[in-house]
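J.: here is my input; please provide its structure:
(one chain, ligands or ions: 1)
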Amino acid sequence: MLQPLTDPLVPDAVQRWSASDFAKNGRFIQDLAGPIFALLAPKPGERILDLGCGDGTLTAEIEAAGADVLGIDNSDELLAVARMKGLSVKKADAHALDYVQEFDAVFSNAALHWMRGPDLIVGGVARALRPGGRFVGEFGGHGNIAAIATAMRAVVKGRGGNPARAVRWYFPTVEEYGTLLSGHGFAVHEIILVPRLTPLKVDMQGWLRTFCRFFFDQFEEPERSEVLAEMVDLLKPSLCDSQGRWTIELVRLRFSAERRSGE
Ligand code: BEZ
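T.: Prediction:
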């Protein structure tokens, strides 16, 4: 039975993570992180906040560059993995950052699209940075995983639900996010959409189960399995080749901004 989703405007990702599924199905996230890591260019001694650090894969790389890094995330399960790596991490809601001019840089990779209150987040990041501090990040931009999002809306509509509530991610345009950054006192140095066809090393079922858990959790079994199979059927002609290899159409929004002095 389809149950109502909560208000999609509530700043709450409502996504539960399995650390082992994330490690297995989320490899593509780290594989794509080279350019954004280069844009951050962490320096020894810098104090850096890794916002939405997950299992700490990139937090560890920032630390290895000599920076003093704190990772925050809202998933206990992923934070436990990060702690096992000896990283300094904390459970926190990125919508309610309470740091004041504490960091030289705030970094975020593949996390901001899970957070539905971008105004609160960018405001908190601006407060957390020292004047001249950098906010560097990459996340899903407008058009990200469009086929998957469309299939989710179609499945919900076909079952009598509200398609407008089926998709929980925040995938803004360059104009929208650039305006948000400027409005919070940032000078935006770079902001682009980067389309990335990304072959999956796993099958689509595993990917959907890991990254769309909030979506499937609204259904009880056996409907949940039926919906999963329906999604895979809908996506197959567009995203799976004749050899059975799946590719997803990511669109990353990559940005680098600087907190202006005196704001
Ligand atoms: C992404 O990295 O763009 C992404 C991953 C999982 C779900 C949604 C977006």
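
J.: distance check, the residue in the stretch 1-150 of the chain that the ligand sits nearest to against Glu220.
T.: The nearest approach of the stretch 1-150 of the chain to the ligand comes at Gly140, 3.7 Å away (Cβ to the nearest ligand atom). No exception for glycine: its C-beta is placed from N, CA and C like everyone else's. Distance, Gly140 to Glu220, by Cβ to Cβ, to the nearest Å: 29 Å.

J.: more neighbours, the two?
T.: The neighbour count for Gly140 versus Glu220, taken as other Cβ atoms under 10 Å, is higher for Gly140 (21 against 10).

J.: how about the nearest residue to the more buried one once chain neighbours are set aside, secondary structure?
T.: Distances taken as Cβ to Cβ, 6 or more residues apart in numbering put His113 closest to Gly140, at 3.8 Å, once the chain neighbours are dropped. Following DSSP: H, G, I helix; E, B strand; the rest coil, we place His113 in the helix state.

J.: tell me the contacts of His113?
T.: 139-140, 144, 169-171 (Cβ atoms under 8 Å, 6 or more residues apart in numbering).

J.: and the pLDDT at the residue of the stretch 1-150 of the chain closest to the ligand?
T.: pLDDT recorded at Gly140 is 97.

J.: I'd guessed it sits against Leu250; true?
T.: Yes: at 7.1 Å, Gly140 and Leu250 qualify as touching, with contact defined as Cβ atoms under 8 Å.

J.: what's Phe103 sitting at in phi/psi?
T.: phi -120, psi 150 (degrees, to the nearest 10).

J.: that one pairs with what?
T.: Leu129 (DSSP bridges).

J.: surely it meets Asp50?
T.: No: contact between Phe103 and Asp50 fails when scored by Cβ under 8 Å: they sit 10.1 Å apart.

J.: who has more neighbours out of these two?
T.: Counted by other Cβ under 10 Å, Phe103 and Asp50 do not tie: Asp50 has more neighbours, with 31 against 25.

J.: so who does the more buried one touch?
T.: 56, 58-59, 62, 69-72, 107-108.

J.: what number of residues lie near Ile72?
T.: 21.

J.: for the residue lying closest to it once chain neighbours are set aside, which residues are in contact?
T.: Closest residue in space to Ile72, ignoring its immediate chain neighbours: Ala92 at 4.1 Å, by Cβ to Cβ, 6+ apart. Ala92 sits next to 72-74 when contact means Cβ under 8 Å, 6+ apart.

J.: for Ile72, see how far away the nearest residue to Asn74 once chain neighbours are set aside is.
T.: Nearest residue to Asn74, sequence neighbours excluded (Cβ to Cβ, 6+ apart): Asp93, at 5.9 Å. As judged by Cβ to Cβ, Asp93 and Ile72 stand 9 Å apart.

J.: which secondary structure elements does the helix or strand hosting Ile148 contact?
T.: Ile148 belongs to helix 146-158 when elements are defined using DSSP states H and E. Under the contact criterion of 3 or more Cβ pairs under 8 Å, 6 or more residues apart in numbering; DSSP states H and E, helix 146-158 touches helix 223-239, strand 247-259.

J.: tilt between it and strand 247-259?
T.: 110 degrees (axes from the mean of the first three to the mean of the last three Cα atoms, to 10 degrees).

J.: can you give me the angle helix 146-158 makes with helix 223-239?
T.: Going by the same axes, to 10 degrees, helix 146-158 makes 140 degrees with helix 223-239.
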